[in-house]
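J.: what's the 3D shape of this:
(one chain, ligands or ions: 1)
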Amino acid sequence: MSQRSFAVAWTGASGAVYGLRLVEALSDAGHQVHLMISEPARRVLLHEEGMKVADPPDLGSMFEHPARIHYHHSKAVEAAPASGSADIEAVILCPCSMGTLGRVAHGYSSGLIERAADVALKEGRKLILVPRETPLSLIHLENMSALARAGAILLPAMPGFYHRPESMEDLVRFVVAKILHRLGVETSWHKAWTGPEPDWEEART
Ligand SMILES: Cc1cc2nc3c(=O)[nH]c(=O)nc-3n(C[C@H](O)[C@H](O)[C@H](O)COP(=O)(O)O)c2cc1C
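T.: Now for the predicted structure:
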């Protein structure tokens, strides 16, 4: 297995668990992860997961492979993800708030997270945004549309139900598997749809 390098930002949208699972999955798969956390993301982590994430975080207590995770403060614009020459294959904003999404859509690189995304777009690195908001305003939609035109992948935190999830964890894994699939990272969480169950036609009638 060859080791790859990714940058992941947790921002202040709901769904902190998606970001946690993504970093776990990438580091468990043997890859290096540059981790950035916005200040609002820390608040959401506390609300949703009861996790008080220090600055810098105690990676050893959070992850099984802390040596593979490189934390950068969200204002550290001199950190590796800010540079086009860094050995970083893709940048993933997960979850992605509408605030961060709007700033990236307008090239407003006020901190490391927006800068990393901006660099990904200019360097042709893969940029995946995992927005979560509902309902969506025209401003949100136009910002997403601008990003899609610029080459970003908009992968909203919208779990599907056709695999018949049995738990919240199944729903979380559904979304994270979609991200891993787009990154070409193998995972048992991704289940290719091969058509309906054999009893489907019967149930329909
Ligand atoms: C508990 C909680 C849940 C939130 N959920 C969302 C959300 O789902 N989507 C969103 O765009 N903003 C959400 N917000 C608001 C953002 O955190 C806020 O706009 C913040 O300024 C975004 O900053 P950031 O983009 O730098 O992380 C939430 C805030 C809190 C405290």
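
J.: Could you pull up the residues touching the residue nearest to Trp189 when sequence neighbours are not counted?
T.: Computed as C-beta to C-beta, 6 or more residues apart in numbering, the closest residue to Trp189 that is not its neighbour in sequence is Ala177, at 3.8 Å. C-beta coordinates here come from the backbone N, C-alpha and C atoms, glycine included. Contact analysis of Ala177 by C-beta atoms under 8 Å, 6 or more residues apart in numbering lists Thr187, Trp189, His190, Lys191.

J.: Got a quick ChimeraX command for the buried subset of those residues?
T.: Buried members of the contacts of Ala177, defined by 16 or more other C-beta atoms under 10 Å, are picked up in ChimeraX with:
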select :187,189
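
J.: Just the contacts of Ala177: which are in strands?
T.: Among the contacts of Ala177, none falls in strands (DSSP state E).

J.: ok, the contacts of Ala177 vs Gly12, which is closest?
T.: Nearest to Gly12 among the contacts of Ala177: Trp189, at 25.1 Å, using C-beta to C-beta.

J.: what's near enough to touch that closest one?
T.: Per C-beta under 8 Å, 6+ apart, neighbours of Trp189: Ala25, Arg173, Phe174, Val176, Ala177, Leu180.

J.: Most neighbours out of the residues you listed, which is it?
T.: Val176 (27 neighbours; other C-beta atoms under 10 Å).

J.: Okay, and it sits in which element?
T.: helix 168-183 (DSSP states H and E).

J.: By pLDDT, give me the weakest of the contacts of Ala177.
T.: Within those, pLDDT reaches its minimum at Lys191, with 79.

J.: ok, now which ones touch that one?
T.: His163, Ala177 are the contacts of Lys191 under C-beta under 8 Å, 6+ apart.

J.: which non-adjacent residue is nearest the one residue in the chain that gets nearest to the ligand?
T.: Among the residues of the chain, Gly12 lies closest to the ligand, at 2.5 Å counting by C-beta to the nearest ligand atom. In space, Gly12 comes closest to Pro40 once its chain neighbours are excluded; the distance is 2.7 Å by C-beta to C-beta, 6+ apart.

J.: next helix or strand past the helix or strand where that neighbour lies?
T.: Using DSSP H and E, Pro40 sits within helix 39-49. The first helix or strand that comes after helix 39-49 along the chain, using DSSP H and E, is helix 59-62.

J.: does any part of the following helix or strand past that following helix sit near the ligand?
T.: Tracing the chain past helix 59-62, the next element assigned as helix or strand by DSSP H and E is strand 69-73. No - Strand 69-73 is not in contact with the ligand by C-beta under 6 Å from any ligand atom; minimum separation 13.0 Å.

J.: Pull out the buried residues from strand 69-73.
T.: So, applying 16+ other C-beta under 10 Å, buried residues of strand 69-73: Ile69, His70, Tyr71, His72.
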